[in-house]
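Participant: here is a sequence together with a model predicted from it:
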Amino acid sequence: MRILINTSSSGNDYIFSIDLAKSLQNLGVEIFLAVTGVPLNDEQKTELKQFDYAYANYKQDWMENPGTDLLEAGQWLMKIKTNFKPDLVHLNSMLFGILPWNVPVVTVIHTCMVSRSKAIHNNHLPQKWEMYKQMARASLRASDAVIAPTQSTLSAAEDIYGPFKNSRVIPQGRSAYIFRSSVKKKYIFCNGKLMDEANNLELILNAAPEIDYPIYIADSLGHMRKKSLAENVFLTGPVKGKKLSDWMSSASVYVLPSKYETFGYSFVDAALSKCALIGGNIISLRETWGNSMLYVENKNELVKAVNRLMENMDDLYLLGQKAYETALENYTLIKMARRYYQLYLQMMTVKPEAISRLRKKSTVFRKFDNPQIKSGNL
């Protein structure tokens, strides 16, 4: 089985794509990753060497005025498809399903600009995004299967873009071997972006003076105007990998009061680290975590939730344990990968030669002629 996966070079869909590709390779699937977006850093270049991949610096579909980049990215993807000859295409962008793939196409919804705008600003998408909406509708309707990580995300997409040929919910997952719990310390951790309105970190900053414990946020002020932070708020700068695992493992409480999430990747990391979870009071998080999370909408609720948990060790432990059990039962990487693997088998007509390749190691492919493509293992 040969799967072409497209992804951006940043954000949760990159993490998702790398995790999924690793797991599928372990199942004997031949993977090719087509990566676009901001330039790859050295760590990513090293990470991608374990796959056959190509990279090009095209804008992402959620960026303003992607214009010509989308057209050129589509042509680039078609060249990769011609060379790789996939049995199935897995798209992590909502805008490329309309291309003439001539093989089954699975499109995964990682974010939706229409739903995001409504959740954050309580209004419809600005006129400048109308072309995005039209392209997404055509792409999703052309896809052979549309996947979302939660039913609420899928239902919202169906209302905006549907009807779809075929759709289902496949929750996202993380490796239970990467994240762990160690001795818990009296601090709150947040892995969010100060500049991202969807993360709603302004709520944490406003509540901080009334919270009796240190709060560590995995971001930096960056291009934000200089602003004063409460004395108990510390910015660690972005962290990932082992550093992220270390922060999570010792944190007592994980807080991210999001206004919009299709799933909430970071909460799984925190849950596998046995942190007590506090999130925004939104339907996707309630669907995902149920009574394994506390939900807040305003400053007073956040202050009350954090201080009460930190002052009651029994409640703190029980909520962290409940989150861990929920994640382990529903949101592990191996379960996610198996669900996608089963979906692929259902979506494609498996040819005899594809079956014979299923358990073989990924082949080495010839280099493309396109000079824009930077290849790993090619």
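Facilitator: That came in fine, so what should we check first? Because the structure is predicted, anything quoted here is derived from the model rather than measured.

Participant: what residues are up against Glu202?
Facilitator: With contact set as C-beta atoms under 8 Å, 6 or more residues apart in numbering, Glu202 has no partners. For the C-beta atoms, the positions are set from N, CA and C on the backbone; glycine is no exception.

Participant: that one: what secondary structure?
Facilitator: helix (DSSP: H, G, I helix; E, B strand; the rest coil).

Participant: go on, Ala54?
Facilitator: Looking at Ala54 with three-state DSSP, the answer is strand.

Participant: how many residues are close by it?
Facilitator: If you count neighbours by other C-beta atoms under 10 Å, Ala54 ends up with 27.

Participant: check it and give its pLDDT.
Facilitator: On pLDDT, Ala54 comes in at 96.

Participant: I figured it hits Ala34, correct?
Facilitator: Yes: between Ala54 and Ala34 there is a contact under C-beta atoms under 8 Å: 5.6 Å.

Participant: determine the residues that are contacts of both of these two.
Facilitator: Ile80.

Participant: domain parsing for the protein?
Facilitator: The chain breaks down by automatic domain parsing into domains covering 2-173+332-376, 185-330.

Participant: and the last one, end to end?
Facilitator: The first and last residues of domain 185-330 sit 27 Å apart, counting by C-alpha to C-alpha, to the nearest Å.

Participant: pull the CA atoms of the one helix or strand Glu72 maps to into CSV?
Facilitator: Using DSSP states H and E, Glu72 sits within helix 68-84. Extracted in CSV, the C-alpha atoms of helix 68-84 (Å, rounded to 0.1, in the frame of the first residue of the first chain):
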residue,chain,number,x,y,z
THR,A,68,-1.0,31.8,-6.9
ASP,A,69,0.6,29.6,-4.2
LEU,A,70,-2.4,27.3,-4.1
LEU,A,71,-2.4,26.9,-7.9
GLU,A,72,1.4,26.2,-8.0
ALA,A,73,1.1,23.8,-4.9
GLY,A,74,-1.6,21.9,-6.7
GLN,A,75,0.6,21.5,-9.8
TRP,A,76,3.5,20.4,-7.5
LEU,A,77,1.3,17.8,-5.8
MET,A,78,0.3,16.4,-9.2
LYS,A,79,4.0,16.0,-10.2
ILE,A,80,4.6,14.1,-6.9
LYS,A,81,1.6,11.9,-7.5
THR,A,82,2.8,11.1,-11.1
ASN,A,83,6.2,10.0,-9.8
PHE,A,84,5.1,8.2,-6.6
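
Participant: which strands and helices sit next to it?
Facilitator: strand 2-8, strand 30-36, strand 52-56 (3 or more C-beta pairs under 8 Å, 6 or more residues apart in numbering; DSSP states H and E).

Participant: turn the ones you listed into JSON lines, columns for distance to Pro100.
Facilitator: Listed next are the helices and strands packed on helix 68-84 as JSON lines, based on distance: least, C-beta to C-beta, whole Å:
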{"stretch": "strand 2-8", "distance to Pro100": "14"}
{"stretch": "strand 30-36", "distance to Pro100": "16"}
{"stretch": "strand 52-56", "distance to Pro100": "19"}
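
Participant: to Met293, which of these lies closest?
Facilitator: strand 2-8 (27.5 Å; C-beta to C-beta).

Participant: and the helix holding Glu72 with strand 52-56, angle?
Facilitator: If you take axes from the mean of the first three to the mean of the last three C-alpha atoms, to 10 degrees, helix 68-84 sits at 160 degrees to strand 52-56.

Participant: what angle sits between helix 68-84 and strand 2-8?
Facilitator: Using the same axes, to 10 degrees: helix 68-84 against strand 2-8 is 160 degrees.

Participant: what's next to the helix or strand that helix 68-84 is followed by, contact-wise?
Facilitator: The helix or strand immediately downstream of helix 68-84 is strand 88-91, counting by DSSP H and E. Strand 88-91 is contacted from outside by 1-6, 81, 97, 101, 103-108, 139, 143, 340, 344, 347-348, using C-beta under 8 Å, 6+ apart.

Participant: roughly how far apart are Glu197 and Ala208?
Facilitator: Glu197 sits 18 Å away from Ala208, going by C-beta to C-beta, to the nearest Å.
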